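A.B. asks: Return atomic coordinates for the entry below.
(chains A and B)
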Amino acid sequence: MSTLTNKLMALAIALLVFGQQGVLEAQSSPKVALTGGKILTVSGAPVVDGTILIENGIIQAVGDGSMAIPYDAMEVDCSGMILAPGLVDAHNPAGLDIPNENLSVAPFVDVYDAIDPSRFFFENALRNGISTVHVMQGNNCVVAGVSRIVHPIGLSPDEMTRLPGIAMKMSVSPKGGYDRLRQRAELREVFNEFDRWHENLAETRYDQEAENSDEMNPLPPAEAREKGKALIREEDLDDRHRHLAYLDGGKLGAWIHCGAATDVAPALEMIEKRGWNGRTVLVLSGDAHLAADEIAAAKVPVVLDSDLIHRERDAITGDVEETFIPEVMRRKRIRFALQSGRSNVIPENLLTYQAARLVRSGMSQEQALRAITLGAAEICGVADQYGSIEKGKVANIVMWTGNPLEMTSWVQKVWIEGILAYDREKDARLERLFPEAPEAEVVGEPLSGEGTAAESAEEPPAEKGEKGGAVEKADDGEAGGSSEPLKKDRKSGDAPPKPAPAPAPEPDSGNKGGL
Amino acid sequence: MLKGKWSRLTGYLLFALAMLLPAQETMAGGDFVLRAGHLHTGQKAIADGAIVVRDGRVTESGTWQQVSAGLVGDLPILHWPDAYVTPGMVAASSGVVGPHRGQESISAAYRAVDGYNTYGDHRPLLETGVTTIHVNPGEHRLMSGQGAVAKLVGAPSERVLSDSSDLSISLRDQVDSPDPLLEIPFPASSDVQIEPPAPQRPASRIDRLLALQEAISQAMEDPNAHGHLAQHWKSGAPLRIAVESMPDIQSVLQMLAAEGRQGYLVTDSVDSGLKDQLADAGVPVVLRMNGPQGDIPSGGVLKPYGFPQLNGDPGWALAPPGNDLSQMGWAISEAAAHMKSPESVIPWVTHNAASILGVADRVGHLEAGADADIVIWNDAPWEIHARPLEVFVDGLRAWQPEEKSAKVISADTIWISPQEQISHGQVLVEDGKITAVGRKVSHPPHCQIIQGGSGSFLAPGFIDCYGHLGLDGETASMGTGDRLHRLLGVTGLREHSVALAGITTQLMAPRRLQRGSGIGVLAKTSGSSRAHRIADDYSLLLLEISDSGFGATRRLFDQGKKYLESWQKYEKDLAEWKKKKAAGEKIEKSKEEEVEKVQEEGLDDPLTGIWELTVSGGPIPEPETATISITLTGSEWEGRVVEPVPPIPVRISGTLEGTTLSGVIEVPDGDLPDTPRIEAELTGEDSLSGKISILTFSADLTGTRTSKEAKTFKVTRRKKQADDGRPMPPRVRANLEPIRSVYEKKIPVLVAVSGFDTLPAVVDYFTGQEIPFAVQLDENMRFHKDLLIEKKIPVLLPEEMSFEAADVSYMPSTYLGRSGITVGFKSSAGDGARRLPFRVWNEVANGMAPDAALSALTTGAAHVVGAHDRIGSIQPGMDADLLIWKGHPFEAGSRLERVFVNGEEVHR
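C.D. replies: Numbering: from 1, shown residues only, chains lettered A, B, ... in the order given. The predicted structure is shown next:
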């Protein structure tokens, strides 16, 4: 099958790339202490000469230089550097094979089937300090399917996935070849059809239960439908409707694309009518910010398009007016997150550049950094684990050579779940880009501890065997006992490719039972 | 730090400004009273009607008399005496939304309101006068979905008036043979068969109604069929049925009767024979007439463009051809032409349309309770050139043309000259100028149309040839160097009263001339700034010449001639220099020119002599002394620094008036940023004290005279030439500038002649130098009649009505007026100028021809002041200073109704 061949190819390429970089190196000790750097915690005040203690991929403590470091912790000297939380890309289809299915209504799909670990996007994300990506379908859809949170490392979607089943992507703006009449008629019909199916199921369930129970009396259909809703079990849901049921049940967030201001009211109306109050987000583009008042009144957070400036020509005077959209959001007190651009415009691909533009338009550095870390994590509903350097959070930490929002700073190292996932000194692609550059001198200079680089450079071969284990371990730590609704979907497709170098994790263990 | 903060602050400010701007736009408007010459409420026409608007709603409407009786006075009144006011029009069909791109041939699921952009900027469409539109899911399917009604502008959440106004059915040819419907199964697998696409109906024309009826009965069994058709069918929404052929109309009438449903037809034409059937069935029609490009139905029973002969108002509506809103105006004009009274077309595009669409409670009329959607038209809307001047939606000004300065003024008589008048003519005014005069002039889009009405008489604005309006009590004598025009600004109450008397231009003259000469400024009596009121800083050279005093005039003109020559020489030199420069020739530098000035000996005056001056204070740390030699000639003095010897000769010059000494130190160009000025008083016989100042600095100056004899000195002046050999212009002398203009024939001369023999000498002098001039004469003018006729000299008549010369009493106006001499009148008054027309009325009462009087106030006066190329007649290119009279201005019972100055109306 050609898709299988594709995936194997992708795997091979991934191996090549990551193998060279030695990304998935694991330290000898599960305890890591990052010392001496300035810590931008995002959630609190910065700590100068701070120490971060990581154990089993989780931040155990954050303190100043006086904090005691356990004897068995591997200490990494970060003096002269800035440690910031890994950046969170709140909405990005770039990790997918194609951003959208051809099928306009596809609530049953999951990005799992389309995540391509070999995409340059992931490699580059890491290089630019992004440690958490909310991979979601593009905007060219009616109902597009379910998204998940991944780390930009790993050889398979399973390895990469941290939190599956984040949200359902929908659009009230017309997809290609559609107009708004057809778009909304189809969108309404999706939920009309689901409601009919759900009511019939409820009625059937009630009747089934009533047959087996002495206490339950047969009821007229309308009442049976009402009472039967509580009786619907996980296994009663069919593939076609399962995700819609999760959406209505609050297990999935609703992310709705609004490509114009006129689309905001219908989106909010749909949210109101269906009762999706918990994890609803509007993905804005075009002139949708004109409806900021309505969005602010509904208290719904938004994700902004990577093109932060909107230009509009006045119909009468012909004058072009420019609007800096984040400023509108800030003034209306709408929570917003940024996404890195999908275009080839390099600066827009850098979340830090986007955040720096916020500073330029008048936001504080702290607010801007928050918008690409904790703020984005909050909007994705994962702020309990990601987005800041706090005790108990996942140890996704980026070491910057300077202020992350400065264009002259770069990412020196990235730790994902406490594991060194990226080291600029061993970035094979950068080496090829700058073959002549005396990297050891230039790059190494700001680092006070030369030994650290040498140390980690030597380590990978010895620890290779533990790589898979570390990942697995992290998975085990996270996997709860809850049900795994996505299991069937994945199984129904091609068998997941087995990552060759490490003992393959159980196909399901990668899925956190968030649903 | 500070810099960064500032730039951020500036950023905020700019941003805040940018956010504010669009907000301001929508702020305009609010609560107001609109009074208009013609008002159509959508149901009836009212002459001189008025509407009261509060909170975006009409609270009262009726005739101005009715409405004004109840006004409290808290609202601004917008008065459009010439405009035609209608409700915002309702387009019962538009192409703003649709056709939808869905697959189903019969489905109620598509909602046109989904496609209507509530945030869209539809303002350009308001230019058509339409403020409310029906949006349609399309006429390309047998049943395309639900229509809606929305306003074109307004708050996004309030634009939609009805989100489901009807169920749209189409029996047009394009609905036949729709594409088959393909449904992709889920899951697509080998177990689930992919069905071939299902064919859809109607297959043919005959199948249309049948397919529809079957679909309806199917929907009654399955509530989900055809996009929940059952739900919408049962809700009783009116059916909007687009039909093309007459048999279909009959079938539809039968179907509506059989189903017992409300509905209306949308069609391009209606057979006259069907109109009674339609009326009986109570089914209204939205007539979307074929446009000029459309097919004209053939066959005798159909009127061109499908317009049936109708009696009374059947409650039908009009829609633009091809759903193109820009053709709405054409549709209205064409429909009006087929109606007994053109006015009856207005309900078709307002109230009837709103009633058919079910939104008549809010739009389509201007009775109390309606939304204040108002269009102010420049003419009756059915006129082909009719355009909105302003459009209000919800009481807010939503649209107005960018340029609305063009006016077309119609009058029964347009007075061009005593010989030439146009009856029932029009004058086009653009940018304050008359651009066309004729029986039918062009009507630029959005021009304001002003109907003079019956008996109207359009005359040029009157000209006061000599007045003092604007001097405001300034009685000082003024010479040729005085900048009289600086007294002018925005016009006030005095000017207003003069303008409303019909005097649109006045030659503003000083009350007294200095040494027999001065300048006059032609100024409009209405205007928002000096620049709007005057064309030039000075328009006329005024002279007074009597028996004794030709000398002063001659001297002035001699000086002026020299001055002119110095300029001519400069211009010649400059032209040569430019030529040489362009040719790349080497330019020789001229040598310094020596001018010897010999002191006139033996004069004993208060200034001439050697002065020791001390400069102290101000920016000067220590007192400085200097010795200068001064020579006084008349009231002008000239001096030179003797000690310390300056590196280059420094010349000091100025004037002495009484004991006040003022002057400047002439410094070679570029050495100092400003010319130092001296202001001093002679404090004793041989002493002076005052100030010397440069820029904003000044220092004290004291001086004593050590000798009463000035040194004879040579003045060596550098020839006025720049470093690159470019000739330098001569010094500008304000008092001679007007003389130079006279010689250059830029301005004429107006001479007040007195004395028996003076006129021939004056005529000789000015004709000899080919200077255009006009005269004002004293009582002796009687003796020079032949000369005036011969030389065709315009004459300014004096204030006196009659004279007595050599024991003969005569009236100058009749005496000269009859002999064909061009004459003008003057007021010699401030705001008393408003009585000038009355003064001329008295002349008419005493025998002057009314047309001659009108000429004297307009074209004649323009000749006297030498501005006949700009004012005084109604011709293309002239300033649009116009008076609308009822009747001839110098006939009994006439009155001045409206005044326009530079094309702008002067309101009472």
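
A.B. asks: Show me which residues of the stretch 151-300 of chain A are close to chain B?
C.D. replies: Selection of the stretch 151-300 of chain A residues close to chain B by CB under 8 Å from any CB of the partner chain yields A:177-185, A:188-189, A:192, A:196, A:239-240, A:260-262, A:265-266, A:287, A:290-291, A:294. C-beta coordinates here come from the backbone N, C-alpha and C atoms, glycine included.

A.B. asks: can you rerun that using 7 Å?
C.D. replies: Applying CB under 7 Å from any CB of the partner chain, we find that the stretch 151-300 of chain A lies next to chain B at A:178-182, A:184-185, A:188-189, A:239-240, A:260-262, A:265, A:287, A:290-291.

A.B. asks: so where's chain B shaky on pLDDT?
C.D. replies: Within chain B, the stretches with pLDDT under 70 are B:1-29, B:187-188, B:290-312, B:403-404, B:549, B:587-604, B:646-649, B:667-674, B:710-723, B:806.

A.B. asks: Packing partners of the helix or strand A:I59 falls within?
C.D. replies: Taking DSSP states H and E as the definition, A:I59 sits inside strand A:58-64. Under the contact definition 3 or more CB pairs under 7 Å, 6 or more residues apart in numbering or on different chains; DSSP states H and E, strand A:58-64 sits against strand A:47-55.

A.B. asks: ok, the strand it packs on: who's next to it in the sheet?
C.D. replies: Looking at strand A:47-55 with DSSP bridges, its partner strands are strand A:31-39 (antiparallel), strand A:58-64 (antiparallel).

A.B. asks: Other residues contacting it?
C.D. replies: Applying CB atoms under 7 Å, 6 or more residues apart in numbering or on different chains, the contact partners of strand A:47-55 are A:30-39, A:41, A:59-65, A:67, A:69, A:73, A:83, A:389, A:395, A:397, A:418.

A.B. asks: Now do the helices in the stretch 301-450 of chain B.
C.D. replies: Per DSSP state H, counting those that start in this stretch, the stretch 301-450 of chain B carries helices over the ranges B:328-337, B:345-349, B:351-357.

A.B. asks: contact partners of the first one?
C.D. replies: It refers to helix B:328-337. Under the criterion CB under 7 Å, 6+ apart, residues B:89, B:91, B:128-130, B:289, B:291-292, B:305, B:307, B:318, B:320-321, B:342, B:345, B:348-349, B:381-382, B:384, B:386 lie in contact with helix B:328-337.

A.B. asks: and it, which residues are buried?
C.D. replies: Judged by neighbour count using 16 or more other CB atoms under 10 Å in any protein chain shown, the buried positions of helix B:328-337 are B:M328, B:G329, B:W330, B:A331, B:I332, B:S333, B:E334, B:A335, B:A336.

A.B. asks: how's the chain carved up into domains?
C.D. replies: Picked chain A for this. In terms of domains, chain A is parsed into A:2-86+A:388-479, A:179-251 (source: automatic domain parsing).

A.B. asks: Wait, chain B was what I had in mind.
C.D. replies: With domains defined by automatic domain parsing, chain B comprises B:28-87+B:371-397, B:89-183+B:195-363, B:402-461+B:875-908, B:469-552+B:739-871, B:593-717.

A.B. asks: And these: which comes nearest A:L351?
C.D. replies: The closest of the domains of chain B to A:L351 is domain B:89-183+B:195-363. By CB to CB, the value is 29.2 Å.

A.B. asks: thinking again about what came up before, give me the buried subset of the contacts of helix B:328-337.
C.D. replies: Here, 16+ other CB under 10 Å leaves B:89, B:91, B:128-130, B:289, B:291, B:305, B:307, B:318, B:320-321, B:342, B:345, B:348-349, B:381-382, B:386 buried among the contacts of helix B:328-337.

A.B. asks: So A:P326, which state does it fall into?
C.D. replies: What DSSP: H, G, I helix; E, B strand; the rest coil gives for A:P326 is helix.

A.B. asks: Surely it touches A:S306?
C.D. replies: No: at 11.6 Å, A:P326 and A:S306 do not qualify as touching, with contact defined as CB atoms under 7 Å.

A.B. asks: between those two, who's got more neighbours?
C.D. replies: Set side by side, A:P326 and A:S306 show more neighbours around A:P326, with 25 against 21, by other CB atoms under 10 Å in any protein chain shown.

A.B. asks: The spatially closest residue to the more buried one that is not a sequence neighbour and B:L39, how far apart?
C.D. replies: Leaving aside its sequence neighbours, A:P326 sits nearest to A:L358 (CB to CB, 6 or more residues apart in numbering or on different chains; 5.3 Å). According to CB to CB, to the nearest Å, A:L358 stands 54 Å off from B:L39.

A.B. asks: same deal with B:A862?
C.D. replies: The value you get for B:A862 to B:L39, if CB to CB is used, is 41 Å.

A.B. asks: Starting from the host helix or strand of B:G703, tell me which strands it pairs with and how they run.
C.D. replies: Per DSSP H and E: B:G703 is located in strand B:697-707. The strands beside strand B:697-707 in its sheet (DSSP bridges) come out as strand B:609-616 (antiparallel), strand B:687-694 (antiparallel).

A.B. asks: how about those strands in a markdown table, adding mean neighbour count and distance to B:V901?
C.D. replies: Output for the strands paired with strand B:697-707, formatted as a markdown table (neighbours: other CB atoms under 10 Å in any protein chain shown; distance: least, CB to CB, whole Å):
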| stretch | mean neighbour count | distance to B:V901 |
| --- | --- | --- |
| strand B:609-616 | 18 | 54 |
| strand B:687-694 | 17 | 43 |
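
A.B. asks: For my notes, please list these in TSV and give distance to B:G516 for each entry.
C.D. replies: Output for those, formatted as TSV (distance: least, CB to CB, whole Å):
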stretch	distance to B:G516
strand B:609-616	33
strand B:687-694	32
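
A.B. asks: Which strand or helix spans the residue nearest to the spatial centre of chain A?
C.D. replies: Nearest to the mean C-alpha position of chain A, by CA atoms, centre = their mean, lies A:H134 at 1.9 Å. Assigned by DSSP H and E, A:H134 belongs to strand A:130-135.

A.B. asks: how far is the helix or strand following that strand from where the chain is centred?
C.D. replies: As assigned by DSSP H and E, the chain's next helix or strand after strand A:130-135 is strand A:143-146. Centroid displacement of strand A:143-146 relative to its chain, using CA atoms, centre = their mean, to the nearest Å, is 15 Å.

A.B. asks: send the alpha carbons of strand A:143-146 over as CSV?
C.D. replies: Presented in CSV, the C-alpha positions along strand A:143-146 are these (Å, rounded to 0.1, in the frame of the first residue of the first chain):
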residue,chain,number,x,y,z
VAL,A,143,-16.1,19.9,10.1
ALA,A,144,-12.5,18.8,9.9
GLY,A,145,-11.8,16.4,12.8
VAL,A,146,-9.9,16.1,16.0
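
A.B. asks: hmm, back to that, could I get the helices of the stretch 301-450 of chain B in CSV, plus columns for distance to B:G887?
C.D. replies: Shown next, in CSV, are the helices of the stretch 301-450 of chain B (distance: least, CB to CB, whole Å):
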stretch, distance to B:G887
helix B:328-337, 33
helix B:345-349, 33
helix B:351-357, 40
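
A.B. asks: Tell me which of those helices sits nearest to B:Y570.
C.D. replies: Smallest distance to B:Y570 across the helices of the stretch 301-450 of chain B (CB to CB): 59.8 Å, for helix B:328-337.

A.B. asks: quick one: buried residues of stretch A:322-339?
C.D. replies: If you call a residue buried by 16+ other CB under 10 Å, then stretch A:322-339 has these buried ones: A:323-330, A:334-339.
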